[in-house]
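Novice: Show me how the following folds:
(one chain, ligands or ions: 1)
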Amino acid sequence: MDPIILILNGPNLNLLGEREPEIYGRQTLADIEAMCVERGKALALEVDFRQSNSEGDLVEWVQQARGRAAGIVINAGALSHTSIAILDALLAVELPVVEVHLSNIFRREHFRRHSHVARAAKGVICGFGGQGYALALEAIARLVGDKDQGR
Ligand code: CA2
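Specialist: Predicted coordinates:
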């Protein structure tokens, strides 16, 4: 069985493709999920793709990843900038984490330039729209394949 990669999406990302295409692109979250599943197959990874508007769901899903998933890709949306609960869950789960953002958060408002999630991440990919998820999957495939680089 292929290793499972949990791809988590936070608040409002279910709205993708409907509004603000100049910032977030025209792909819907379902489009991004389909692309991730396909890219996962090419990388011999099973993709478990989820979205929630609730911080509690995201914390639960991170906790449940222990012993089940081999790595986590996360776009926590606005919670990236505020949630110490998600940071603590990611630190506790002891899995490789790659953070992804559709937009380049460093070109935007000042409050988006800091991410709590980044402290738990091996690396951060931002500014490449939906393609960033494919780049994150490639990065995590290498981390999962190399035990010394995992955290
Ligand atoms: O660039 C990203 O991926 C973000 O995580 C997206 C979050 C934002 O709060 C972060 O600062 C950066 C917002 C997701 C909301 O997405 C929408 C999509 C369409 C219409 C409205 C919101």
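
Novice: Show me where this structure has its strands.
Specialist: Shown for the chain, the strands assigned by DSSP state E span residues 4-9, 46-51, 71-75, 97-101, 123-126.

Novice: which one of these lies closest to the ligand?
Specialist: Minimum separation from the ligand across the strands of the chain (CB to the nearest ligand atom) falls at strand 97-101, 3.6 Å. Every C-beta, even on glycine, is put in place using the N, C-alpha and C of the backbone.

Novice: ok, now which ones touch residue 35?
Specialist: Residues in contact with residue 35 (CB atoms under 8 Å, 6 or more residues apart in numbering) are 27, 130, 133-134.

Novice: Please narrow these to those residing in helices.
Specialist: Among the contacts of residue 35, DSSP state H puts 133-134 in helices.

Novice: Please convert the contacts of residue 35 to a markdown table, extending it with neighbour count.
Specialist: Below are the contacts of residue 35 laid out as a markdown table (neighbours: other CB atoms under 10 Å):
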| residue | neighbour count |
| --- | --- |
| 27 | 19 |
| 130 | 21 |
| 133 | 26 |
| 134 | 20 |
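
Novice: Between all of the contacts of residue 35, which two are at the greatest distance?
Specialist: Greatest spatial distance among these (CB to CB): 27 and 134, at 11.4 Å.

Novice: which residues does residue 44 contact?
Specialist: 2-3, 141.

Novice: What count of nearby residues applies to residue 50?
Specialist: For residue 50, the neighbour count with other CB atoms under 10 Å is 12.

Novice: Residues contacting the helix or strand bottoming out on mean pLDDT in the chain, please?
Specialist: Ranked by mean pLDDT, DSSP states H and E, the weakest helix or strand in the chain is helix 21-24, scoring a mean of 87. Residues outside helix 21-24 that contact it (CB under 8 Å, 6+ apart): 16-17, 102-103, 129.

Novice: And it, how far out from the chain middle?
Specialist: Relative to its chain's centre, helix 21-24 lies at 18 Å (CA atoms, centre = their mean, to the nearest Å).
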